[in-house]
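Fold the following for me, if possible:
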Amino acid sequence: MLEFDVVTIVAQVINFLVLAVVLYFLLFKPTVKRMNERAAEREALLEEARLEEAEAALKLEEINQRLAAIDSEIDDRLQEAYQKAQEQSKTLLEATHLEAEHILGEAEREAQKRQQQEVAQLQDELVNSILDISGQVLAKAAPDVIHDNFIDELTHEIWELGKTDMRQVHAIRESLAGRTPTVFVTSAKELTPDQQRNLIRTFSALADSNVNMEINIDPKLITGIRVRMGDLVVENTLAMELSELKSDVAAALEENLDGKQ
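Coordinates of the predicted model:
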């Protein structure tokens, strides 16, 4: 029969308890502490990861919102740019149309102006031709008596000047004072001695002094004479009358052309 040593058993139990206490404080408690610390660290890391994940989600949402806003802004700007381009294109088209109308209008006005100038030039040439032909015909057909009458009319006009406008007569005499005036006569035909004497007498009376006289012949005057003494110039010729008729002939020609259009 087995015999138990109570003292031994008690000693063993005490040793076991002491060993257990020693193991608890030396091995198990530090291990549990480290495990708890690691668990706390893992929980802290998990919490930090959750926070970072939440923050990342917020940032991602913010980025998505910004991207959406950028897309919307891009669309708005593209639409604005398109509308502006359309408006600029419309404005440019209108400006081009107006410029084209202006150019066409200017071209039309310039063409009308040139046409009017050409017509006026042709009319002027035609009138000059008519007057030249008329002058040539009259120069050949006009009798000498007409030439004489033109000279008589001019001398009569000078004599009448002394009756009607003595102020002008005095002005002429003052301008000729202190010198012997020269009377320059241009005649369509040769002057007779009587006509020459009559002219000298007439202009001597006008100048109130003796005068010299120089005579030139110019058939272009057709009939009559032109006289210059100092600043005084008087003319009574058929060429002058034809020249004065030029505007009337041009008006009649223009009226005739307008009536045929």
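
got any ranges where the stretch 1-150 of the chain has weak pLDDT?
Within the stretch 1-150 of the chain, the ranges that satisfy pLDDT under 70 run 1-4, 24, 27, 127, 130-131, 134-142.

now do 80
1-7, 9-11, 13, 15-35, 49, 71, 81, 85, 115-143 (pLDDT under 80).

Could I get the full set of helices for it?
6-23, 29-141, 144-164 (DSSP state H, counting those that start in this stretch).

Rebuild the ones you listed as CSV, extending it with mean neighbour count and distance to residue 189.
Just so you know, the C-beta spots here come from the backbone N, C-alpha and C atoms, and that holds for glycine as well. Below are those laid out as CSV (neighbours: other C-beta atoms under 10 Å; distance: least, C-beta to C-beta, whole Å):
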stretch, mean neighbour count, distance to residue 189
helix 6-23, 10, 169
helix 29-141, 11, 9
helix 144-164, 15, 5
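
do you know which of those helices lies nearest residue 197?
Among the helices of the stretch 1-150 of the chain, helix 144-164 comes nearest to residue 197, with 11.0 Å by C-beta to C-beta.

which element follows the closest one toward the C-terminus?
helix 166-176 (DSSP states H and E).

next SSE after that following helix?
strand 182-187.

quick one on the thing from earlier: can you redo the helices of the stretch 1-150 of the chain as TSV with distance to residue 175?
As requested, the helices of the stretch 1-150 of the chain are arranged in TSV below (distance: least, C-beta to C-beta, whole Å):
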stretch	distance to residue 175
helix 6-23	158
helix 29-141	33
helix 144-164	14
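
which one of those helices lies closest to residue 170?
Using C-beta to C-beta, the nearest of the helices of the stretch 1-150 of the chain to residue 170 is helix 144-164, at 10.3 Å.

between the helices of the stretch 1-150 of the chain, which gets nearest to residue 223?
So among the helices of the stretch 1-150 of the chain, helix 144-164 is nearest, using C-beta to C-beta, at 4.2 Å.
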